[in-house]
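Engineer: Model the structure of this input:
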Amino acid sequence: MMGKRSAFLTGLTVIAAAVTLTACGGQSGSKTATSGKALSGKVTAVGSTALQPLVEQAAKDFQAKNPNVTVNVQGGGSGTGLSQVAQGAVDIGNSDIFAESKPGVATDKITEHKVAVIGFAPVVNPDTKVKKLTMVQLQNIFAGKVTNWKQVGGKNEKIVLVNRATGSGTRATFDDNVMKGKKSVKSQEQDSSGAVQKIVGSTPGAISYLAFSYLTKNLQAVAIDGVTPTTANVLNNKWKIWSYEHMYTQKKANKVATAFIKFMNSDHVQGELVKKLGYISIKDMQVVKDAKGNVTNK
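Structural biologist: Numbers count the residues shown, from 1 in each chain. Now for the predicted structure:
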């Protein structure tokens with residue numbers, strides 16, 4: 001009897017050990033599977049310098065949540081971002097303009113993601129003593145018809161034009177909303193918003209235009225036709241110089257790019273970073289603008 005009882009207990013011990021091993025093995029497999037789901041890889045975003053500050057900060061926060069991910073953010077202008085993402089050279093193309101408005105971009109190969117709205121303002125060096133202009137005066141300044149600030153109520157000082165380079169989304173937005181087909185006179189051109197910010201702030205008589213996210217105390221933002229360049233005035237299109245900020249991906253975007261775009265539309269980015277850095281959440285807009293510039297109420 002004792003022999004049978006001993007054998008029975010031994011059998012129970014073996015079964016218990018087997019169950020324990022199976023359970024441990026299952027837990028180990030679960031951890032492996034979980035770690036296997038951790039996002040990893042690299043993504044490169046190139047293009048709009050107006051959008052760059054938002055994407056750079058969002059990239060830092062995204063990488064903090066995903067230590068195995070690297071997000072490389074570069075400028076270069078909207079035209080560069082659109083052409084490179086369409087060619088498959090980068091994962092994300094940042095743009096202030098719709099891809100449809102850029103000739104030569106294969107729009108059938110990319111997908112649009114609107115991530116914010118940005119207002120743009122004419123900016124001058126404060127020494128000009130000019131705080132407001134009419135739209136016609138602003139057009140005439142960039143067309144070269146007005147060459148001294150005293151002609152528009154400022155000090156007796158030569159106007160120094162600083163334009164953005166062709167291919168810049170900021171330049172395209174300014175041309176579409178301000179110049180309206182009129183040609184700008186030849187002047188110095190800068191490739192980035194950061195360069196414009198520094199030059200206008202340090203050059204007496206200078207004028208250019210910048211995204212709200214680049215406005216500083218060293219610059220005088222100029223009101224147009226009595227309307228000040230503020231977020232509140234962009235929301236209802238009272239201030240008309242604004243555009244969507246787009247992040248274009250390839251049709252078959254990789255998992256890191258897809259996850260980053262999703263993060264750009266998260267509450268953290270849309271509810272915190274967008275407002276903190278001078279952008280506007282698309283959700284707050286009271287109007288909608290299409291690729292042709294037509295604006296309608298929501």
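
Engineer: domain parsing for this structure?
Structural biologist: What automatic domain parsing lists as the domains of the chain is 41-117+244-297, 118-235.

Engineer: export the ones you listed to a markdown table and tack on mean pLDDT and mean neighbour count?
Structural biologist: C-beta: built from backbone N, CA, C; applies to glycine. Output for the domains of the chain, formatted as a markdown table (pLDDT from 0 to 100; neighbours: other Cβ atoms under 10 Å):
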| stretch | mean pLDDT | mean neighbour count |
| --- | --- | --- |
| domain 41-117+244-297 | 96 | 19 |
| domain 118-235 | 96 | 18 |
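
Engineer: just the helices in the stretch 101-250 of the chain please.
Structural biologist: Ranges of helices in the stretch 101-250 of the chain, per DSSP state H, counting those that start in this stretch, are 135-142, 169-174, 193-202, 231-235.

Engineer: Would you tell me which of these gets closest to Phe98?
Structural biologist: In terms of Cβ to Cβ, the element of those nearest to Phe98 is helix 169-174, at 9.7 Å.

Engineer: distance between the ends of stretch 231-240?
Structural biologist: 11 Å (Cα to Cα, to the nearest Å).

Engineer: What segments of this protein are strands?
Structural biologist: Secondary structure of the chain (DSSP state E): strands located at 41-47, 69-76, 92-95, 110-111, 114-124, 132-133, 160-164, 188-190, 206-211, 220-221, 223-224, 242-250, 287-289, 295-297.

Engineer: Give the pairing partners of the second one; include direction for each.
Structural biologist: It refers to strand 69-76. Strand pairing for strand 69-76, using DSSP bridges, gives strand 41-47 (parallel).

Engineer: same thing with the third one?
Structural biologist: Sheet pairing here is set by DSSP bridges, and for strand 92-95 it gives strand 41-47 (parallel), strand 242-250 (antiparallel).

Engineer: orientation of the longest one relative to strand 206-211 in degrees?
Structural biologist: Relative orientation of strand 242-250 and strand 206-211, computed by axes from the mean of the first three to the mean of the last three Cα atoms, to 10 degrees: 60 degrees.

Engineer: So what's the gap between strand 242-250 and the chain middle?
Structural biologist: 7 Å (Cα atoms, centre = their mean, to the nearest Å).

Engineer: how far off strand 114-124 does it point, in degrees?
Structural biologist: Using the same axes, to 10 degrees: strand 242-250 against strand 114-124 is 140 degrees.

Engineer: Using PDB, write out every CA atom in strand 242-250.
Structural biologist: Listed next in PDB are the C-alpha coordinates belonging to strand 242-250 (Å, rounded to 0.1, in the frame of the first residue of the first chain):
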ATOM      1  CA  TRP A 242      -2.600  81.200 -43.300                       C
ATOM      2  CA  SER A 243      -2.200  77.600 -44.400                       C
ATOM      3  CA  TYR A 244      -2.500  74.000 -43.300                       C
ATOM      4  CA  GLU A 245       0.600  72.200 -42.100                       C
ATOM      5  CA  HIS A 246       0.800  68.900 -43.900                       C
ATOM      6  CA  MET A 247       2.900  65.800 -43.300                       C
ATOM      7  CA  TYR A 248       2.800  63.600 -46.400                       C
ATOM      8  CA  THR A 249       3.800  59.900 -46.300                       C
ATOM      9  CA  GLN A 250       4.300  57.300 -48.900                       C
END
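
Engineer: returning to what we had before: tell me which of the strands of the chain approaches Asn233 most closely.
Structural biologist: By Cβ to Cβ (comparing all of the strands of the chain), the closest turns out to be strand 114-124, at 7.9 Å.

Engineer: now the closest one against strand 160-164, angle please.
Structural biologist: Going by the same axes, to 10 degrees, strand 114-124 makes 170 degrees with strand 160-164.

Engineer: Quick check: closest non-adjacent residue to Ser213.
Structural biologist: Among residues not flanking Ser213 along the chain, Gly278 sits closest, at 3.7 Å (Cβ to Cβ, 6 or more residues apart in numbering).

Engineer: residues in contact with the one you found?
Structural biologist: Pro53, Ile118, Ala211, Phe212, Ser213, Tyr214, Leu215 (Cβ atoms under 8 Å, 6 or more residues apart in numbering).

Engineer: if I look at it, how far off is Gln270?
Structural biologist: Computed as Cβ to Cβ, to the nearest Å, the Gly278 to Gln270 distance reads 14 Å.

Engineer: So which residue is smack in the middle of the chain?
Structural biologist: With distances taken as Cα atoms, centre = their mean, the residue of the chain nearest its centroid is Leu51 (2.8 Å).

Engineer: Tell me which residues touch it, please.
Structural biologist: Asn94, Ser95, Asp96, Val115, Ala116, Ile118, Glu245, Met247.

Engineer: Pull the contacting residues for the last one.
Structural biologist: Applying Cβ under 8 Å, 6+ apart to Met247 gives the contacts Ala45, Leu51, Val55, Ile92, Gly93, Asn94, Ser95, His113, Val115, Ile261, Met264.
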